[in-house]
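A.B. asks: Compute the structure for the input listed below.
(one chain, ligands or ions: 1)
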Amino acid sequence: GYDSQLAPVEGLDAADAERIDATVHSVRAAFAPPVDLETRLDRLDRLESMLRRWEAPLVEALGQDLGKSTTEAWTTELGTVFGEIHHLRRLLPQWMALSKVPGSATLAPSRGWVDHQPLGTVLIIAPWNYPVQLVLSPLAGALAAGNTAVVKPSEVTPHVAQVLTEALQDSLADCVGVVTGAVPETTRVLQHRFDHIFYTGNATVGRVVMRAAAEYLTPVTLELGGKSPVWVDDTVDLKVAAQRIAWGKFLNAGQTCVAPDYVMGPPQVLQRLETLLAAAVTSLYGADPARSDSYGRIVSRRHLDKLATTLSEVATEDMIFGGGTDAEQLYVAPTVVRQAPDGPLMQEEIFGPVLPLVEAADHHQAIQYINAREKPLALYVFSQDDAVRSEFRALTSSGGMCVGAPVIHLAHPHLPFGGVGESGVGNYHGAYSLQTFSHERAVLDKPLNPDTLKVVYPPYTAIKAKG
Ligand code: NAD
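C.D. replies: Predicted coordinates for the structure are as follows:
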């Protein structure tokens, strides 16, 4: 095999490397086209029944790794995957039917089609923040499109990784392989050839993945993050806006790729939001969120320390509410702060329950501010003013945009989900997953007689040139 020439990986012994190589080989060998509709539906069915059988251990593992409540585990992880599987199942028959294209006058007589072929073997590398959804949602798409897949769950959520490994080996061993581990293991996997790599996580590792993919010209989907802004003006019901912003921000303790990163608005609006956001947090998590079953935890001590550093950069007079941490409990309080446009919290994606409010005189200034930065994964607009909405829509760029609510656009079955620029490459969900994990092959059938191609054969006489 081609891996006999693979360079040794630092921190990985030969036995572990061989185990990973063997997994990749067996999954590659398991790709056997044509992969008919029945096979694909059967794999989706098995993925679904796997989720049902392993639901309790998965929910428990999500609780252990992220303090995720059972309800949130359902709405944002398992439920999302069930929905995706159902949707893909509905889409598949039409997707797999040969799709005939209109005829071509110059090539007549002939018939043309676009075939949707599986790519082969897909590698899916997932992060820790939605560690079930971000493995299984892309996996559902890859299997529906007829591929086999190697998945690499995040090592940062070890309980979920363990349960997923057992579940997948139990249910889908004939078409899915699992590699667990951290950087050395992932580095090894990435030395192999895949037909597509689907990576979710941060942009630094995204670059590592893209470099590894370049070796074999492997196409990539990179689902990354960024600072997703919110614009709020005084044309909306600020109470509802505050409730929705607080929900989207403090969901999973702020560890959501499409969480509102910061809120921009005119000074009077932000002033009212300060009180309304505080009230919203109380209504969501009670007076002491540390004691709420609905509020999640930070994934690890390392991530908590980073957030504590972030909080230490907030000047005392800028702290509106929250700010508390409990390292033992991996707890960071829902926090809202004031920030200057060039403040310390405005440099990097926060990825935790800390929400800066940033003044902008008007939406023109906000648009200018957003456009001076990297393209975010999401952009949220709370305004009833049509001109304001259409200016955000026409003059800014982001992976997705949602008016009137954060986060929920990614739950719409017919919308693509993905980033642009620094927030990612490519997209998925539903039909877009089928497209991402398939090759659109052009097929043309031209009868030999009559030989209408004779008009293009040499010699090129004057008559031919005139057509
Ligand atoms: P992470 O630390 O779990 O890393 C993601 C994956 O990359 C893991 O499987 C990890 O093992 C692997 N990895 C880490 N370092 C590596 C290296 N040097 N070489 C090869 N592989 C390596 O997760 P993270 O990156 O901290 O995730 C948070 C980021 O992900 C945030 O920026 C967030 O916005 C983004 N995110 C994006 C989406 C999306 O759908 N667009 C969803 C969730 C998270």
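A.B. asks: going forward, measure contacts between C-alpha atoms and count neighbours the same way
C.D. replies: Noted.
A.B. asks: who touches the nearest residue to residue 77 once chain neighbours are set aside in this structure?
C.D. replies: In space, and not counting its chain neighbours, residue 77 is closest to residue 133: 4.7 Å by C-alpha to C-alpha, 6 or more residues apart in numbering. When contacts are counted by C-alpha atoms under 8 Å, 6 or more residues apart in numbering, residue 133 touches 76, 77, 78, 80, 81.
A.B. asks: how about the second one, secondary structure?
C.D. replies: Spelled out, that is residue 77. Three-state call for residue 77 (DSSP: H, G, I helix; E, B strand; the rest coil): helix.
A.B. asks: Give the residue spans of the stretch 201-350 of the chain that score low on pLDDT.
C.D. replies: For the stretch 201-350 of the chain, no stretch is flagged by pLDDT under 70.
A.B. asks: Which parts of it are helices?
C.D. replies: 203-214, 238-250, 267-285, 301-312 (DSSP state H, counting those that start in this stretch).
A.B. asks: Quickly note the distance from residue 443 to residue 219.
C.D. replies: Residue 443 sits 22 Å away from residue 219, going by C-alpha to C-alpha, to the nearest Å.
A.B. asks: before we move on, what about residue 453?
C.D. replies: 36 Å.
A.B. asks: try residue 186
C.D. replies: As judged by C-alpha to C-alpha, residue 186 and residue 219 stand 17 Å apart.
A.B. asks: Check residue 138 too.
C.D. replies: 15 Å.
A.B. asks: more crowded one of those two?
C.D. replies: Neighbour count, other C-alpha atoms under 10 Å: between residue 138 and residue 219, residue 138 has more, with 30 against 19.
A.B. asks: Backbone torsions only: list them for the more buried one.
C.D. replies: Listed backbone geometry of residue 138 is phi -60, psi -30, with angles given as degrees, to the nearest 10.
A.B. asks: Surely it is in contact with residue 430?
C.D. replies: No - counting by C-alpha atoms under 8 Å, residue 138 does not reach residue 430; the two are 9.6 Å apart.
A.B. asks: Which pLDDT value does the model give residue 1?
C.D. replies: Here the pLDDT value assigned to residue 1 is 42.
A.B. asks: do the one 3 residues further on as well
C.D. replies: Each residue has a pLDDT score; the one for residue 4 is 63.
A.B. asks: what does the stretch 101-250 of the chain put close to the ligand?
C.D. replies: Taking C-alpha under 6 Å from any ligand atom as the contact definition, the stretch 101-250 of the chain meets the ligand at 125-129, 152-156, 182-183, 186-187, 200-202, 205, 223-226.
A.B. asks: can you rerun that using 8 Å?
C.D. replies: By the rule C-alpha under 8 Å from any ligand atom, the part of the stretch 101-250 of the chain lying against the ligand is 125-130, 134, 152-157, 181-187, 190, 199-206, 208-209, 222-226.
A.B. asks: For residue 393, give me its contacts.
C.D. replies: Listed by C-alpha under 8 Å, 6+ apart, the contact set of residue 393 reads residue 401.
A.B. asks: got the phi/psi numbers for it?
C.D. replies: phi -70, psi -40.
A.B. asks: Check the gap between it and the ligand for me.
C.D. replies: Computed as C-alpha to the nearest ligand atom, to the nearest Å, the residue 393 to the ligand distance reads 20 Å.
A.B. asks: One more: residue 173?
C.D. replies: 20 Å.
A.B. asks: Around residue 13, how many other residues sit close by?
C.D. replies: 12.
A.B. asks: Also residue 196?
C.D. replies: Using other C-alpha under 10 Å, residue 196 has 24 other residues around it.
A.B. asks: so it makes contact with residue 220?
C.D. replies: Yes - using C-alpha under 8 Å, residue 196 is in contact with residue 220, at 5.7 Å.
A.B. asks: Which one (most neighbours) among the contacts of residue 133?
C.D. replies: residue 81 (25 neighbours).
A.B. asks: Could you list the low-confidence segments of the stretch 351-467 of the chain?
C.D. replies: For the stretch 351-467 of the chain, the ranges with pLDDT under 70 are 462-467.
A.B. asks: how about 90 then?
C.D. replies: Counting by pLDDT under 90, the stretch 351-467 of the chain has low-confidence residues at 461-467.
A.B. asks: Residue of it nearest the ligand, please.
C.D. replies: residue 418 (6.0 Å; C-alpha to the nearest ligand atom).
A.B. asks: Quick check: nearest residue in space to that residue, chain neighbours excluded?
C.D. replies: Using C-alpha to C-alpha, 6+ apart, the closest residue to residue 418 is residue 427 (4.1 Å).
A.B. asks: ok, now which ones touch that neighbour?
C.D. replies: With C-alpha under 8 Å, 6+ apart, residue 427 has these contacts: 221, 223, 416, 417, 418, 419, 433, 436.
A.B. asks: let's see 6 Å
C.D. replies: Applying C-alpha atoms under 6 Å, 6 or more residues apart in numbering, one finds that residue 427 lies in contact with 416, 417, 418.
A.B. asks: what about residue 35, which SS state?
C.D. replies: Assigned by three-state DSSP, the conformation of residue 35 is coil.
A.B. asks: which residues touch residue 146?
C.D. replies: 35, 118.
A.B. asks: Please report how far it lies from the ligand.
C.D. replies: Where the ligand is concerned, residue 146 sits at a distance of 22 Å (C-alpha to the nearest ligand atom).
A.B. asks: pretty sure residue 201 contacts residue 129?
C.D. replies: No - in this structure residue 201 lies outside contact range of residue 129 using C-alpha atoms under 6 Å: 9.2 Å.
A.B. asks: The two: who's more crowded?
C.D. replies: A direct count of neighbours by other C-alpha under 10 Å for residue 201 and residue 129 places residue 129 higher, at 24 against 21.
A.B. asks: So what does the more buried one look like in phi/psi?
C.D. replies: Main-chain dihedrals, residue 129, degrees, to the nearest 10: phi -80, psi -30.
A.B. asks: Quick one, grab the pLDDT at it.
C.D. replies: So, for residue 129, pLDDT stands at 98.
A.B. asks: which residues touch the closest residue to it other than its chain neighbours?
C.D. replies: Nearest-residue entry for residue 129: residue 255, 6.0 Å, with adjacent residues in sequence omitted and distances by C-alpha to C-alpha, 6+ apart. Counting by C-alpha under 6 Å, 6+ apart, residue 255 makes contact with 129, 351, 352.
A.B. asks: Pick out the residue of the stretch 1-150 of the chain closest to the ligand.
C.D. replies: residue 127 (3.4 Å).
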